[in-house]
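>>> Here is the input, now give the coordinates:
(2 chains)
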Amino acid sequence: MRAFRALVRKDLVLELRTREVVPAMLVFLLAVFTLVRFALGSSRLTGGSRAATGMLWAVVVLTSLLALTRAFAQEREHGIWDGLLGAPVERWIVWAAKACSLWVFLALTQVVAVPLFWLFFLQQGPSPSIPVLCAALLLADAGIAVLGALLAGLASAGRAREVLLPVLFLPFAVPLVLVASDLSVATISLQPSGLDTLKRLGFLAAYDTIFALLGWALFEYVVEE
Amino acid sequence: MAARPARDTSQSSDPPVACSGLVRRFGHRDALSGFDLEVARGEVLLLVGPNGAGKTTLLRVLATVLRPTEGDVAVEGCALPGQARKVRGKVGFLAHEPLVYPELTVTENLQLYAALHGVGDERVAEVRDRVGLGRRGNDRAAELSRGMRQRLAIGRTLLHAPSLLLLDEPTAALDEDGRSVLREVLAEGGRTVLAATHEPDWFAGVATRQVSVRAGRVAA
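Residues are numbered from 1 along each chain as shown, chains lettered A, B, ... in the order given. Predicted structure coming up:
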């Protein structure tokens, strides 16, 4: 547990000092929201709140790619992998710590993204349920973090890692985002039963669990040369 | 609370390093092609040879960061790669790169490795002073000169008091004071050392044996 805490703390301290990940994600989402808002002018997005909510999820996935491409950048650029791999800790702890810090970065970004999204697109008309949207975001972030840390570890060994990571990540992320988007959109105009909402949240939790188990079992082989 | 490390000086009958027919392949290229070596406890063994001979690959295999492709390798009596985790706490690996985060301070880097090795934080100050970085504890690694970073790397390697030191060109970039620190470490005794170097003369009086490596194997 001490090693896990030390690794997470290291990532947070490095982000505070280098500001490489979270500011880049914020700038990206602000740029997308602003461009779309200006393109729309005073009119609403065709499809209304449903389309806007779908756009929010597209932005969540694309901003997460920015974080994932930098996930093991320090270790790769400064050859620190050998230091981590030579330490007497289970290698899945390195993956779990990276997933945890990625989750923090994603959640921090969304603390800014969701109010901005509301301000830009949902001032008029119906809105998705805030508690359901927040629950979906937190569970989707966990899925993106556990899957992303595993694939970022895999891609970090390759030469074309900037290309490889999205190619690997996006197909696996599609089911997660589809269900999360469907879950939040369904709360806009319909009154979904509590059971339907719980089923979709359960799917997100199951997705997180499956990829957490895969990360735990496979990370050692993914980073081994 | 994490304990202060005690160097493993047990006089096990197993040699600290034993390789037989070790092959390490990268794609179609054999970096090690049937490497045979046995190192006795307490030896300071120098690995010499041209660039690309396989010295660094050998050290990385012994440090458990690379898997052997073929052959038998045992470190401190533990077969690799199967018992790699048992080996990791006993080995200190000084690589080409210092293996430290440039944006973390000297103390933060040592604290991170102390946590990874289950070593108490009091050991951090001890090692930092030992390698002559006592006054630079709050400086980021990126602000240190190349020689100072190498000292930090030596400190990182010694944190958990390993019984086997694997040193890859340890004198690179070190000034006279840094070399004195390294010489003290090598002269301490009770520890087995494998050092890849292009400066074998510098190790005179400390080294017990020299092995020439060429084309991935021990040269005749």
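>>> any idea which residue of chain B is furthest from its center?
What lies farthest from the middle of chain B is residue B:28; by C-alpha atoms, centre = their mean that is 27.5 Å.
>>> Phi and psi next, for that residue.
phi -100, psi 0 (degrees, to the nearest 10).
>>> check contacts around the closest residue to residue B:138 other than its chain neighbours.
Spatial nearest neighbour of residue B:138, chain neighbours left out: residue B:105 (5.3 Å); criterion: C-beta to C-beta, 6 or more residues apart in numbering or on different chains. For the C-beta atoms, the positions are set from N, CA and C on the backbone; glycine is no exception. Applying C-beta atoms under 8 Å, 6 or more residues apart in numbering or on different chains to residue B:105 gives the contacts B:137-141.
>>> Quick check: the residue in chain A sticking out farthest from the centre vs residue A:120, distance?
Most distant from the centre of chain A: residue A:42, at 30.9 Å, with distances by C-alpha atoms, centre = their mean. Counting by C-beta to C-beta, to the nearest Å, the gap from residue A:42 to residue A:120 is 13 Å.
>>> and if you look at residue B:167?
58 Å.
>>> Of the two, which one has the most company?
residue B:167 (25 against 20; other C-beta atoms under 10 Å in any protein chain shown).
>>> Phi first, then psi, for the more buried one.
Dihedral angles (degrees, to the nearest 10) for residue B:167: phi -120, psi 120.
>>> Secondary structure class of the closest residue to residue A:152 other than its chain neighbours, three-state.
Spatial nearest neighbour of residue A:152, chain neighbours left out: residue A:71 (3.8 Å); criterion: C-beta to C-beta, 6+ apart. With DSSP: H, G, I helix; E, B strand; the rest coil as the basis, the three-state label of residue A:71 is coil.
>>> what about the helices in chain B?
B:55-62, B:84-88, B:106-116, B:122-130, B:146-158, B:176-187 (DSSP state H).
>>> need those helices in CSV with distance to chain A, mean neighbour count and mean pLDDT, can you?
Conversion of the helices of chain B to CSV gives the following (distance: least, C-beta to the nearest C-beta, whole Å; neighbours: other C-beta atoms under 10 Å in any protein chain shown; pLDDT from 0 to 100):
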stretch, distance to chain A, mean neighbour count, mean pLDDT
helix B:55-62, 7, 25, 94
helix B:84-88, 4, 20, 88
helix B:106-116, 3, 24, 95
helix B:122-130, 12, 17, 91
helix B:146-158, 7, 23, 91
helix B:176-187, 18, 15, 84
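>>> Save these as JSON lines, and put in distance to residue B:202 too.
Below are the helices of chain B laid out as JSON lines (distance: least, C-beta to C-beta, whole Å):
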{"stretch": "helix B:55-62", "distance to residue B:202": "16"}
{"stretch": "helix B:84-88", "distance to residue B:202": "28"}
{"stretch": "helix B:106-116", "distance to residue B:202": "25"}
{"stretch": "helix B:122-130", "distance to residue B:202": "20"}
{"stretch": "helix B:146-158", "distance to residue B:202": "14"}
{"stretch": "helix B:176-187", "distance to residue B:202": "7"}
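>>> follow-up on the earlier one: what about the residue farthest from the centre of chain A, which SS state?
Secondary structure state of residue A:42, per three-state DSSP, is coil.
>>> Name the residues of chain B found near chain A, please.
B:2, B:60, B:63-67, B:85, B:88-89, B:91, B:93, B:95-97, B:99-104, B:108, B:111-113, B:115-118, B:156 (C-beta under 8 Å from any C-beta of the partner chain).
>>> Now with 7 Å, please.
Counting by C-beta under 7 Å from any C-beta of the partner chain, chain B comes close to chain A at B:2, B:60, B:63-67, B:85, B:88-89, B:93, B:95, B:97, B:99, B:101-104, B:108, B:112, B:115-117.
>>> pLDDT on stretch A:66-73, on average?
Mean per-residue pLDDT for stretch A:66-73: 89.
>>> Would you pull up how far that stretch lies from the middle of the chain?
Relative to its chain's centre, stretch A:66-73 lies at 11 Å (C-alpha atoms, centre = their mean, to the nearest Å).
>>> Start and end of it, how far apart?
Length of stretch A:66-73, first residue to last, C-alpha to C-alpha, to the nearest Å: 12 Å.
>>> Please list the residues outside it that contact it.
Residues outside stretch A:66-73 that contact it (C-beta atoms under 7 Å, 6 or more residues apart in numbering or on different chains): A:20-21, A:24-25, A:28, A:98, A:102, A:105-106, A:148-149, A:152-153, A:156, A:162, A:165, A:169.
>>> so what's the closest residue to residue A:224 other than its chain neighbours scoring on pLDDT?
In space, and not counting its chain neighbours, residue A:224 is closest to residue B:67: 5.9 Å by C-beta to C-beta, 6+ apart. pLDDT recorded at residue B:67 is 91.
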